[in-house]
Structures are given as structure tokens and as C-alpha cells.
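Enquirer: Pasted the sequence and its predicted model underneath.
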Amino acid sequence: MRVGAKQDGGCSAAYIWTPSFLEYKLAPDHPFNPLRLRLTDELIRACGLLPQAAERRPRQATREELALVHDAAYVDAVERFSRGGETRFPEAGRFHRVSGGMHGAWGFEEPEPDDPLAYGLGTEDNPLFPGMHQAASWWVGATLTAAELVMEGKADHALNLGGGLHHAHRDRAAGFCIYNDVAVAVAWVRRHYGARVLYVDTDAHHGDGVQWLFYGDPQVLTLSYHESGRYLYPGTGRIEERGDGPGLGYSVNVPLEPFTDDASWLEVLDLTLPAVAEAFRPDIIISQNGCDGHALDPLTHLSASLDFYRQVPQRVHHLAHQFCGGRWVAVGGGGYDIWQVVPRAWTALWAEMSGRPLPDEVPSDWLNRWSPQAPVPLPPRFADEPLPGAAPERYAALRDYNRRTAQRVLSEVLPLIRTD
């Protein structure tokens, strides 16, 4: 692996931010609301967690960089449909309710090549909006900026909250994702540094786009913890999806039962994540930190609390120093309770990355600023009050089922991973 020398005086953690992130506006009532990024950014600053030296401005991704994983015809289509026009919705489904293939699941005829639906665009998940290409290119460029800083030794860790668009495929948009910033960054790191990349995804939705784009590559290991696709979009992420050809064993999936809580999810994580990292020996970790597995999230059925979103980054942080010389890029992802969950979860992520203590209480200035606009009461503390979940008698069965899933992954998939 070729890697930049650690530079003296370099910031240990870089925070990638631009107001241009807020231009990724799919539709006025869309659940993937960029306001969550503004709320989080202002909460991080209100907590005093962002020294001036840590902040970095990103750049937009170039067409050449997008082409590392996306077909040129698809990028052309995104640019073409970014110029305006009427949004077209299929007749069935709304916001991730349908799983399976893009066209067959919706129940309409195969679109023509000049129809946005041929590219997964113009749907309720991915409506057309002016400036779509430019807005999505900022998010990809920010993840590339984070990867560049880490690989050049200018930062140990780097965070792009605007990233984590893990559903986009080579030739189509999917699941709120126009371009796949994570996959572009992985491909960029592979091309320029020859590094072995461990991608860890704890979004409630399976990281299907990243998985399929590297399904045959033994130098990229994708590890996804997600709600079972039996009940949730995109309907993939089974244990049997293990990679193909030389990449067999390098797609690792740990599907979880609905209502999985902190204790069960962390048990599964502790059984599998260190073992996979030990077997693979990565040069860099890229983590997707969707927080839509929280019990309050309106689109999923898991039962995590804010404590889970404090503990996961701690584990990834430790592994980054154990195996990668500290090299760790983190991105955001899903999260649809934008008021009560996302700002606190991602502020906790940045506190861990930057090595600064997270306060117990949410700053009153932030609460006073946003409470009048919030449709729900804003939590005054970073710890959650008691949350809804499964009936207590169900938890034992859930934990046993998830434990057996993790053990199956260890026995069937782990032996396929090699360090060479």
C-alpha cells in the first residue's frame, strides 16, 4: 500500500462541511431532508466540539471521479434531468415500501432510454430536482476530500455527514441516493493507494449499492449490519450474499430481526466485527453511520437508542488504530427522525472521532433556536428517555435468533477471508 507520510501538526480529525450540502433537496415532503445536516452541524458547534483547525471545505466530484463506479450514460442522464422538468411518480409504493428490482416492483412498462425512470429517477424515492447533479457531486466530493486527507496523512480520521448514499448503483439511482459517494471513495482509494478497504455499514437498510459494486473484489470487504430484507427495503443483505469469484467471502451480511435493541445489536457486532477485521487486516476503514435503526425512526423497525450510536464509533475507532494506523473515514447515511435522533447521534459520532467529551445536556442555545420550529419536543439530554420496543418476553427470542445469525456468519463466511 502506498500512503502519505503523517504530517506534523496535522489535525487528528477533519470535519468536512459546506452549506452546499443543503442543496440536495429531493422534494418538500421527502423524508431525506437536508435540514438534518444543518441541525447536526449547529449542534456540534453549540457543544464546542469543532475547533477551527478541524474544519475542511470539500470540492465537487469530477465526472472522471464519478466514472470510477458510475456509467457515463448514467452521469449524462443525471446532468440532463437536473435542468428541470416534471417529476414523474410510478403508481405504487412510497418511500422505501417496495423491495426488489427497480422496474418490476413498481408495476409499469419498461421505460424508454430517454425516460428518467430508466435510470431510477423521477420516482417518489428519487424525484427529479433542479441542480440534482451538482448537489450530489458535492456530497461525493466531500467523501473524496475526507479520503484524501486521511490517505495523505493530513488527518487520522475524517467525517462527511453528507455522505453515506449507499444504495446508488452503477447505472441508476435508488433509495434516495443519486450517486454512491462511498463506492466512489473506495474505488479512488484502491486506484491511488492500493489500500485494502474495510467498509462497515450500520444503517438499518442494507448497503446494497456498495456491496454489488465490489462483489468480486477481494481487496474491499463490505460488512453490513441491517434489518432483515424480509421486511425492509432494499430486500437484500442475506448471509448467502458472500461475494463472487475472487471476491467470495468479502461480502459479509448480518441481517437483524425487527425490534433488535442495543444489547442484541452490540452483542452481534462484538462477535463479528473484530473477527472480520482481524481476518481481513484492512489499511483503512470507511464506516457508514446511518442512524435509522433508532427506535423512533419512522421508516424502520429496529429499537436502538442513542447509547448504541455512541458505542459503535468507539468500536470502529479502536479497530482503526489497531489495524490501520488510525485511518478512518466516516460518513452519515439514513436517519429520518431529523429532530430527536439524527443531530444527537451524529454529534456523538463526531465527539468520538475528535476525541472530545460529549456533554450530558443538549445546549440550551440550540434548543431555544430550534424548538419553535420542531414538530416534536426536542430531547434536552444526549441520553434517551425510555423508548418503545418489543414486548419484554420477545427480547430473549430476538437476541437468541440474532446470536445464531452472527455465529453462522462466523462459521460460514469468516473462513473464506484471506489477508493476502
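Expert: Structure received.

Enquirer: longest strand in the chain, by residue count?
Expert: The single longest strand within the chain, with elements called by DSSP state E, is strand 220-227.

Enquirer: Show the contacting residues for Pro377.
Expert: Residues in contact with Pro377 (Cβ atoms under 8 Å, 6 or more residues apart in numbering) are Ser371. Where you see a C-beta, it was placed from the backbone N, CA and C, and this is true even at glycine.

Enquirer: before we move on, what SS does it have?
Expert: Classification of Pro377 using DSSP: H, G, I helix; E, B strand; the rest coil returns coil.

Enquirer: What residues of stretch 347-366 count as buried?
Expert: Neighbour-count burial for stretch 347-366 flags 347-354, 356, 358, 362-363, 366 (criterion: 16 or more other Cβ atoms under 10 Å).

Enquirer: any idea where the helices of the stretch 51-200 of the chain begin and end?
Expert: 63-66, 72-81, 102-106, 132-151, 181-193 (DSSP state H, counting those that start in this stretch).

Enquirer: which stretch among the ones you listed comes nearest Ala383?
Expert: Closest to Ala383 of the helices of the stretch 51-200 of the chain is helix 132-151 (Cβ to Cβ; 28.6 Å).

Enquirer: next helix or strand past the helix or strand that Pro274 is a member of?
Expert: Following DSSP states H and E, the helix or strand that holds Pro274 is helix 262-280. Sequence-wise, the next helix or strand downstream of helix 262-280 (DSSP H and E) is strand 284-288.

Enquirer: what are the pairing partners of that following strand, and which direction each?
Expert: Sheet partners assigned to strand 284-288 using DSSP bridges are listed as strand 197-201 (parallel), strand 328-331 (parallel).

Enquirer: Between strand 220-227 and the longest one, find me the angle.
Expert: Computed by axes from the mean of the first three to the mean of the last three Cα atoms, to 10 degrees, the angle separating strand 197-201 from strand 220-227 equals 10 degrees.

Enquirer: could you give the mean pLDDT of stretch 141-160?
Expert: Averaged across stretch 141-160, the pLDDT comes to 98.

Enquirer: how far does that stretch sit from the chain's center?
Expert: 16 Å (Cα atoms, centre = their mean, to the nearest Å).

Enquirer: CA atoms only: put it into PDB for me.
Expert: Output in PDB follows, covering the C-alpha atoms of stretch 141-160 (Å, rounded to 0.1, in the frame of the first residue of the first chain):
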ATOM      1  CA  GLY A 141     -16.600  15.300  -3.400                       C
ATOM      2  CA  ALA A 142     -16.800  15.700   0.300                       C
ATOM      3  CA  THR A 143     -16.300  11.900   0.900                       C
ATOM      4  CA  LEU A 144     -13.300  12.100  -1.600                       C
ATOM      5  CA  THR A 145     -11.900  15.000   0.300                       C
ATOM      6  CA  ALA A 146     -12.200  13.000   3.600                       C
ATOM      7  CA  ALA A 147     -10.400  10.000   2.000                       C
ATOM      8  CA  GLU A 148      -7.700  12.200   0.500                       C
ATOM      9  CA  LEU A 149      -6.900  13.900   3.800                       C
ATOM     10  CA  VAL A 150      -6.700  10.500   5.600                       C
ATOM     11  CA  MET A 151      -4.600   8.700   2.900                       C
ATOM     12  CA  GLU A 152      -2.200  11.700   2.600                       C
ATOM     13  CA  GLY A 153      -1.600  11.700   6.400                       C
ATOM     14  CA  LYS A 154      -3.100  15.100   6.900                       C
ATOM     15  CA  ALA A 155      -5.700  13.700   9.300                       C
ATOM     16  CA  ASP A 156      -6.100  10.400  11.200                       C
ATOM     17  CA  HIS A 157      -9.900  10.500  10.800                       C
ATOM     18  CA  ALA A 158     -12.300  12.500   8.600                       C
ATOM     19  CA  LEU A 159     -16.100  12.900   8.700                       C
ATOM     20  CA  ASN A 160     -18.500  13.800   5.900                       C
END
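
Enquirer: Having no further points to raise, I will conclude here.
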